[in-house]
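*Asks:* only geometry, no sequence info:
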């Protein structure tokens, strides 16, 4: 049984449905059309389908023989980005774009479901196809777990993938252990006192205070943190003031932190609030600080990752299965691995000759669709090898 050849035989199907998803992108928890297409496709394959949340779905394929349960996951949401690729199947939804490849993930998992449904008489065990909403807000995996995606039947192992624009087409990256950083969000409201802009001493300038807080927070990275364990503190937005000639009485910062050490992850809100508290006191301001732990570190299970590596080597050769350095981005796939063993790989889609060389979340983002059969085959081969 040559899984790669089987996968290549349905490339037109996978490319077609990927382009359909790309042309009709939907933001997190708004993936209604996408979910409907997925459900209809799974039903055509004779796969049992459950909508366990408003968007997203789980397909269940029971093999001919009892055995273990493996889950295959794809995320399905798009981003609030205005596409500028010039592709003939570019987004028709203004201001929304599949700029991270989730259209490809969903299409590849449907392709895998198509192949596996044709092999059900040979399968020992059960395969669950998890089509997850809202990865971009890092809340979809948690929603799926809460709604029972890993239950009835209970999943023993989960496998996922993400296309990767920095990795050449023909290569995949897979690595045991910590792979992607945690991702946690926070808000800081600085409460000053407004006054006439000509008399700032009569107020407490929240924007000047915010500027000092921003500078102070970066010393957490350079002076508080052990540099042998990398972190990133990104302050993504700052809003303050009402008018050019008023000393501003309020300012708001929003940020996101990345870390690999669980201990440092727990310390980050303490360190940031310490800077905020003391800086605000020095500038005569008050503050409110809200911190939300969102995504844990994505840590690939050692045993199942080695199995997946062997499966991938069968498909594309051991030399094309390469290790990955730690990635400071986050993935809510980590939520599943808080409950069961799992592993996630990166599928290379970079091809400069085809102008497929832009970063994820870019409005020019493109992928080499010739990589899609490898992704389909990876889902299939890993599932079958696990269920042996």
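*Replies:* Received it, and whenever you're ready, just let me know what you need. None of the values given here were measured: they were computed from a predicted structure.

*Asks:* got the contact list for the residue nearest to residue 379 when sequence neighbours are not counted?
*Replies:* Leaving out its chain neighbours, the residue that sits closest to residue 379 by Cβ to Cβ, 6 or more residues apart in numbering is residue 112, at 3.6 Å. Every C-beta, even on glycine, is put in place using the N, C-alpha and C of the backbone. The contact partners of residue 112, taken as Cβ atoms under 8 Å, 6 or more residues apart in numbering, are 72, 129, 376, 379-380, 383.

*Asks:* okay if I get the residues you listed as CSV plus neighbour count, pLDDT and secondary structure?
*Replies:* Compiled in CSV, these are given as follows (neighbours: other Cβ atoms under 10 Å; pLDDT from 0 to 100; DSSP: H, G, I helix; E, B strand; the rest coil):
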residue, neighbour count, pLDDT, secondary structure
72, 26, 98, strand
129, 26, 98, strand
376, 27, 98, helix
379, 30, 98, helix
380, 27, 98, helix
383, 26, 98, helix
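
*Asks:* list just the nearest of the residues you listed to residue 82.
*Replies:* Using Cβ to Cβ, residue 376 comes nearest to residue 82 of the contacts of residue 112, at 29.8 Å.

*Asks:* you'd agree residue 17 is up against residue 107?
*Replies:* Yes - taking contacts as Cβ atoms under 8 Å, residue 17 lies within contact range of residue 107: 4.6 Å.

*Asks:* looking at the two, which has the bigger crowd around it?
*Replies:* Under the neighbour definition other Cβ atoms under 10 Å, residue 17 and residue 107 were set side by side, and residue 107 has more, 28 against 21.

*Asks:* quick one: pLDDT of the closest residue to that one other than its chain neighbours?
*Replies:* If the residues on either side of it in the chain are set aside, residue 107 comes closest to residue 18, at 3.6 Å by Cβ to Cβ, 6+ apart. The predicted local confidence for residue 18 comes out at a pLDDT of 98.

*Asks:* residue 110 versus residue 18, what's the distance?
*Replies:* Using Cβ to Cβ, to the nearest Å, one gets 9 Å for the distance from residue 18 to residue 110.

*Asks:* quick one, domains of this structure?
*Replies:* Structural domains of the chain, as assigned by automatic domain parsing, span the residue ranges 3-179+297-387, 182-295.

*Asks:* for the protein, which residue occupies the most central location?
*Replies:* Here the mean C-alpha position of the chain is nearest to the C-alpha of residue 331 (Cα atoms, centre = their mean), at a distance of 3.8 Å.

*Asks:* look at it and give its secondary structure.
*Replies:* Put simply, residue 331 is coil when judged by DSSP: H, G, I helix; E, B strand; the rest coil.

*Asks:* contacts only, for it.
*Replies:* Taking Cβ under 8 Å, 6+ apart as the contact definition, residue 331 lies against 135, 162, 180, 295, 298, 344.

*Asks:* from residue 110, how far off is it?
*Replies:* According to Cβ to Cβ, residue 331 and residue 110 sit 21 Å apart.

*Asks:* on that earlier part again, the residue nearest to residue 107: how many residues sit nearby?
*Replies:* Should you count by other Cβ under 10 Å, residue 18 turns out to have 24 residues around it.

*Asks:* go on, residue 242?
*Replies:* Other residues within reach of residue 242 by the criterion other Cβ under 10 Å amount to 9.

*Asks:* please apply the same query to the one 4 residues further on.
*Replies:* A total of 15 residues lie near residue 246 under the criterion other Cβ under 10 Å.

*Asks:* where along the stretch 201-350 of the chain do the helices fall?
*Replies:* Remark: helices assigned in the stretch 201-350 of the chain by DSSP state H, counting those that start in this stretch are 206-219, 262-282, 302-316, 334-337.

*Asks:* which residues are in contact with the residue lying closest to residue 147 once chain neighbours are set aside?
*Replies:* If you skip the residues right next to it in sequence, residue 147 has residue 52 as its closest partner in space, 4.0 Å away by Cβ to Cβ, 6+ apart. With contacts defined as Cβ under 8 Å, 6+ apart, the neighbours of residue 52 are 58, 144, 147-149.

*Asks:* and residue 316, by the same measure?
*Replies:* Under the criterion of Cβ under 8 Å, 6+ apart, the contact list for residue 316 reads 4, 170, 172, 374.

*Asks:* from these, which land in strands?
*Replies:* Assignment to strands by DSSP state E places the following of the contacts of residue 316 there: residue 172.

*Asks:* list buried residues within the contacts of residue 316.
*Replies:* 4, 170, 172, 374 (16 or more other Cβ atoms under 10 Å).
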